[in-house]
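# task: produce atomic coordinates for the following.
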Amino acid sequence: MEPGTLSALDLGLAGLAAVAAGAVNALAGGGTLITFPALIALGLPAVAANVTNTIALAPGHLGATLAQKKDLAGQRARVTRLVPAAILGGLAGGLLLLFTSERVFRQLVPLLILLASALLAVQEPVRAWLLRRLARGSRHASHAEALAIVPVFAASIYGGYFGAGLSVIVLAALGLLVDDSLTRLNATKQAIGFAANGAAAVLFLFSGQVHWAVGLVMAVGAVAGGALGGRLAGRVRPATLRRVVVTVGVLVGLAYLIPG
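Numbers count the residues shown, from 1 in each chain. Model (predicted):
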């Protein structure tokens, strides 16, 4: 099916997938593992699906960052240091995606989905490790924190290219090199993720690869899903939801690996 021939039903399904992704992102993370395969299933080329997905979910990243704005207080120097690296990395990853042929990216899709699933699967162990590490009160020299620019830039390249699971990589890097509470590191992570994905999204606006009808429907759905996820907080166990999303991601990734 050509992207231009998507029916009202197709758009509705894309919107529902975005609602689910927005709720999942608000509760546990991993919404891209729902929306990206859904767009491919609707017939969008893989690169166009990834580009459209990035733009559609960008408002959610902004909302998550604003929600933790108070935890960014006092981190101006850190954010000023790391966000430019995230922006440059996101742009580099976005350019890399746009210069990847459809055939090559199609071949990478199952590996990217499985990688994102693996990152989501280790999210809770990474947080537990960080809590133990921070509880020990380890201290780094100030120059060690500056070294976080390197992994943040590298992770943001991945974020601009595909993005799912970026927060796990960034949080692990911050935990290794930055001394602060987990709450504040989470806020920094959100700002970095928004910068990387936002930079790629702005680049994609001019790529000619965006399916605007799908993107706009999904953007509305993702925002609605985020609000729904906020209302469901406390009623749904994030760990359980995360396991469901990981399972779905692994099954989808393996399905793409099977020649059809």
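
# how about the contacts made by the spatially closest residue to Leu257 that is not a sequence neighbour?
In this structure, Leu257 finds its nearest non-sequential neighbour in Pro110, 4.6 Å apart by Cβ to Cβ, 6 or more residues apart in numbering. Using the backbone N, CA and C atoms, a C-beta is placed for each residue, glycine as well. Counting by Cβ atoms under 8 Å, 6 or more residues apart in numbering, Pro110 touches Gly253, Leu254, Ala255, Tyr256, Leu257.

# report pLDDT for Pro110.
Note on Pro110: pLDDT of 90.

# so how far is Ala255 from it?
8 Å (Cβ to Cβ, to the nearest Å).

# and the gap between the residue nearest to Leu257 and Pro59?
Pro110 is 28 Å from Pro59, by Cβ to Cβ.

# in what helix or strand does the residue nearest to Leu257 lie?
helix 102-121 (DSSP states H and E).

# now the buried members of the contacts of Pro110.
Gly253, Tyr256 (16 or more other Cβ atoms under 10 Å).

# which one of the contacts of Pro110 sits closest to Leu6?
Nearest to Leu6, judged by Cβ to Cβ, of these is Tyr256 at 20.9 Å.

# how near is that closest one to Arg243?
21 Å.

# show me where pLDDT drops low in the protein?
For the chain, the stretches flagged by pLDDT under 70 are 1-4, 28, 134, 137-144, 230, 233-234, 259-260.

# now with 50, please.
In the predicted model of the chain, residues 1-3, 141 satisfy pLDDT under 50.

# what segments of it are helices?
Remark: helices assigned in the chain by DSSP state H are 8-27, 32-41, 46-67, 76-98, 102-121, 123-135, 142-146, 149-161, 166-177, 182-205, 212-232, 238-257.

# list the buried ones in the last one?
It refers to helix 238-257. In helix 238-257, the ones that count as buried by 16+ other Cβ under 10 Å are Pro238, Leu241, Arg242, Val245, Val246, Val248, Gly249, Val250, Val252, Gly253, Tyr256.
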